Structures are given as structure tokens and as C-alpha cells.
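Enquirer: my questions concern the predicted model and sequence given below.
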Amino acid sequence: MEYVTAVPHPRPEAAPSARAGRRSLALALLCGALGAAVALLATRQQWSQGTATVAGGSFPLTARGSDVTGVPAALAVVGLAALVAVFAVRRAGRLVVAALLTLSGAGIVVAALLGASDTTALDERAARASGDTSATVHALSHTAWPYVAAAGGVLILLAGLLALRYGRLWPAMSGRYERSGAPRPRRAAPAVDPDRPEDLWKALDRGEDPTGTGPA
């Protein structure tokens, strides 16, 4: 009596992992690029405004995000660089870069939220405009742009978390993009049939001797 041993079929786990990797990669690229663009745009907009009173007169003052804090713009650039660098490194290096991307997003969020209620930039402008170091700003109000910058930081933070979670499934720069010092092997020349004139002419065009006795 013959016994037939059933061979278990491999589980189709590679396909779901590949799909998860592609989806997370696309989402991380979208979130990272969009978050950096939003953060950079928000820092160029007006964040706060107020009125300074000097010698019985008053004049309006405004401050942009870059006047309040330069942290969001700087971290947005760092986040973009980290997002690109994720594909240039592997294993532990990829985890380090993904962590940097995550910290960049978190730093943007914190800096933007702190800058939403900051009055230092307007007070300094009031002091310079009036020549009085004790001058302060009244009727102070803030715009929504600091929170827009924070939203950009959240997107970068999400891209970093995706890189930490799914980065091992993402592609990396392979060896085909890297030049090696080893010379490439020459392709063997096709055989020449002396009875076929077209083969003889093709060999001559390639600089070969169709007779095999020496260079053409």
C-alpha cells in the first residue's frame, strides 16, 4: 500500500505584504510632501497682528510666521530630506531616518502651537518702531495660519509613523543604480556564416574580420 503525503501549499502572505507596502509608501510620500509644503507656506503668512500706542498715537503691526519662529520651516526642510533619504538606506539606517522624519513632524506641531499665542515678535517690532524698549502691543489677535502649520506637521508625523511601521517593506536603491569598478563582460559576437553575404557585411560594419584571420 502506498501512502501519499500531502504537501502543504505556501500561504499567499507575500502578496498582502507587497500591497501594504505599496499603499503605505504612496500615503507616506503624499503626507510627507504635502505636509512640508503646507508648513513652509504657512510660515510665510501673517500669524499675528496688533496695535502699538506711542505718545498718544497708535499704529498697526503684523508678524509673519517666520518672524515668530523659524523652527517649522527648518524642520519641514529636514522632513523632506529625511523622506528622500528613507529610500537610500536599509535596515537600521532606515529606522533612524524614519525616526528623524517622525520627530520633525512632532517638532513642527509643537513649535506652531507655541507660536500661535506668542507676542514676542510684535513686541520687538513695537520697540523698534517707537524707540521705546518698554513698548507693547495692544488689541492683539492671531490668525489661523499657526494651526495650518501644525496640520502640516501632523502630516509629516504621519509619514514618519508609516515609515517606522512599513519601511521594511519599501524598496531601496538597488545595485543597478550603483557603479562598480568591475568591467562589464563583452557580449559574444554573433556567428558569421561565410555563405551569407549579409552576415559578412554586418561583421565588417562591426569592425570584425569575417574570415577570422585578424581585425577588419
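Expert: Right, received. Where do you want to start? Residues are numbered from 1 along each chain as shown.

Enquirer: skip ahead from the longest helix belonging to the chain and say which helix or strand is next.
Expert: Looking across the chain with DSSP state H, the single longest helix is helix 14-43. Under the assignment DSSP states H and E, the closest C-terminal helix or strand after helix 14-43 is strand 46-54.

Enquirer: what pairs with that next one, parallel or antiparallel?
Expert: strand 57-64 (antiparallel), strand 137-142 (antiparallel) (DSSP bridges).

Enquirer: quick check: which element contains L113?
Expert: helix 92-115.

Enquirer: hmm, back to that, okay, the strands paired with strand 46-54 in JSON lines with distance to Y166, mean neighbour count and mean pLDDT next?
Expert: Where C-beta positions appear, they are placed from N, C-alpha and C, glycine not excepted. JSON lines is the format used below for these (distance: least, CB to CB, whole Å; neighbours: other CB atoms under 10 Å; pLDDT from 0 to 100):
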{"stretch": "strand 57-64", "distance to Y166": "37", "mean neighbour count": "14", "mean pLDDT": "82"}
{"stretch": "strand 137-142", "distance to Y166": "37", "mean neighbour count": "14", "mean pLDDT": "80"}
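
Enquirer: out of the ones you listed, nearest to I156?
Expert: When the strands paired with strand 46-54 are compared by CB to CB, strand 57-64 sits nearest I156, at 20.7 Å.

Enquirer: residues in contact with the following helix or strand past the closest one: which ones?
Expert: Using DSSP H and E, the helix or strand that follows strand 57-64 towards the C-terminus is helix 65-68. By CB atoms under 8 Å, 6 or more residues apart in numbering, the residues outside helix 65-68 that reach it are 42-48, 72-73, 112, 115, 118, 120-121, 125, 145-146, 149.

Enquirer: about what we covered before: what packs against the helix holding L113?
Expert: helix 14-43, helix 65-68, helix 71-85, helix 145-166 (3 or more CB pairs under 8 Å, 6 or more residues apart in numbering; DSSP states H and E).

Enquirer: related to what we said a few turns ago, need the buried ones from the contacts of helix 65-68 selected in ChimeraX.
Expert: Restricted to buried positions by 16 or more other CB atoms under 10 Å, the ChimeraX selection for the contacts of helix 65-68 reads:
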select :42,43,47,48,72,73,112,115,118,121,125,145,146,149
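
Enquirer: low-confidence ranges, the protein, go.
Expert: For the chain, residues meeting the criterion pLDDT under 70 lie at 1-16, 18, 54-56, 130, 132-135, 173-216.

Enquirer: mind running it again at 80?
Expert: Within the chain, the stretches with pLDDT under 80 are 1-21, 52-59, 125-139, 171-216.

Enquirer: how many residues are close by L83?
Expert: Using other CB atoms under 10 Å, the number of residues around L83 comes to 25.

Enquirer: what sits closest to it if chain neighbours are left out?
Expert: G32 (4.1 Å; CB to CB, 6 or more residues apart in numbering).

Enquirer: now P60
Expert: T51 (5.6 Å).

Enquirer: what's the answer for A99, then?
Expert: The spatial neighbour of A99 that comes closest, neighbours along the chain excluded (CB to CB, 6+ apart), is L164 at 6.8 Å.

Enquirer: over to R90?
Expert: R90's closest residue in space is A172 (CB to CB, 6+ apart), at 5.1 Å.

Enquirer: returning to that earlier point: who wins for proximity to G107 among the helices and strands packed on helix 92-115?
Expert: helix 71-85 (4.8 Å).
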